[in-house]
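K.L.:
return atomic coordinates for the entry below.
(2 chains)
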Amino acid sequence: DAMVIQNPRYQVTQFGKPVTLSCSQTLNHNVMYWYQQKSSQAPKLLFHYYDKDFNNEADTPDNFQSRRPNTSFCFLDIRSPGLGDAAMYLCATSRDGLTGGVPGDQPQHFGDGTRLSIL
Amino acid sequence: GDSVTQMEGPVTLSEEAFLTINCTYTATGYPSLFWYVQYPGEGLQLLLKATKADDKGSNKGFEATYRKETTSFHLEKGSVQVSDSAVYFCALGPAGGSNYKLTFGKGTLLTVNP
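P.N.:
From the prediction side, this is the model:
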């Protein structure tokens, strides 16, 4: 089955120690997203890629960076994790809607997330 | 700006009860509307969607109708099961252009007891 895979499912890091979360997809979607979700809250969009074009949300801290080396993979780098960065991180993908659709019509397909803990 | 107001939870029901989770929105233009479901320890899954006024989305016994006149997209199910226990998010798609950002409601936790 085509899917969005996040690794690892659980990640523990130390305060201030850089960490990288990964996401891969077999859906061949143009658009990939990273969300942060804290307990009992809705997902909060950090940034997204449209192909190789990076789109940062205005309120995403500089501590969060992303790389997309090819269509299938996307990485979230947290340069100096603080205690407030402990959360579930969700990757999602969608089609661009240009091939017979409207961007806003395209549902997003989510991975199961990586739960990040900070010691 | 765009916003989604979703019924506050938690909601607790007995198996086979009727479910309604209210969702209203504020948006410019005519956005698509979505319901996503999140089971414990998992990511979000698309439950259903509607892309224009009076469209009805349906899936797994759940339904929601895009009501432009009341700016609502309430989720309903006639008979819930224990396996429906999850968090449900109403979401608003971008109205157009190249903006891909979804606007989520705060989520409603549903617990169904046997």
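
K.L.:
pLDDT below threshold where in chain A?
P.N.:
Chain A contains residues with pLDDT under 70 at A:1-2, A:97-104.

K.L.:
stretch A:43-62 near chain B anywhere?
P.N.:
Yes. Counting by CB under 8 Å from any CB of the partner chain, chain B has neighbours in stretch A:43-62: A:P43, A:L45, A:H48, A:Y50, A:N55, A:E57. (Each C-beta comes from the backbone N, C-alpha and C, glycine too.)

K.L.:
tell me the span between the first and last residue of that stretch.
P.N.:
End-to-end distance for stretch A:43-62: 19 Å, by CA to CA, to the nearest Å.

K.L.:
which bits of chain B sit near chain A?
P.N.:
B:31-32, B:34, B:36, B:41-46, B:49, B:51, B:89, B:93-102, B:104-107, B:109.

K.L.:
buried among the residues of stretch A:43-62 next to chain B? Make that a PyMOL selection.
P.N.:
Selection of buried members from those for PyMOL, criterion 16 or more other CB atoms under 10 Å in any protein chain shown:
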select buried, chain A and resi 43+45+48+50+55
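
K.L.:
let me have the residues of stretch A:43-62 next to chain B in TSV, adding secondary structure and distance to A:D85 as columns.
P.N.:
Conversion of the residues of stretch A:43-62 next to chain B to TSV gives the following (DSSP: H, G, I helix; E, B strand; the rest coil; distance: CB to CB, whole Å):
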residue	secondary structure	distance to A:D85
A:P43	coil	15
A:L45	strand	16
A:H48	strand	19
A:Y50	strand	25
A:N55	strand	21
A:E57	coil	15
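
K.L.:
determine which two of the residues of stretch A:43-62 next to chain B are furthest apart.
P.N.:
Greatest spatial distance among the residues of stretch A:43-62 next to chain B (CB to CB): A:P43 and A:Y50, at 18.6 Å.

K.L.:
around chain B, which positions in chain A sit nearby?
P.N.:
Residues of chain A found near chain B, taking CB under 8 Å from any CB as the criterion, are A:4, A:6, A:31, A:33, A:40-43, A:45, A:48, A:50, A:55, A:57, A:90, A:92, A:94, A:102-113.

K.L.:
now the residues you listed: which count as buried?
P.N.:
So, by 16+ other CB under 10 Å, the buried ones in the residues of chain A next to chain B are A:4, A:6, A:31, A:33, A:42-43, A:45, A:48, A:50, A:55, A:90, A:92, A:94, A:102-113.

K.L.:
okay, and which of these map to helices?
P.N.:
Judged by DSSP state H, those include no members of helices.

K.L.:
which stretches of chain A form strands?
P.N.:
Assigned by DSSP state E, chain A shows strands spanning A:4-7, A:10-13, A:19-25, A:31-37, A:44-50, A:53-56, A:64-67, A:73-78, A:87-94, A:109-110, A:114-118.
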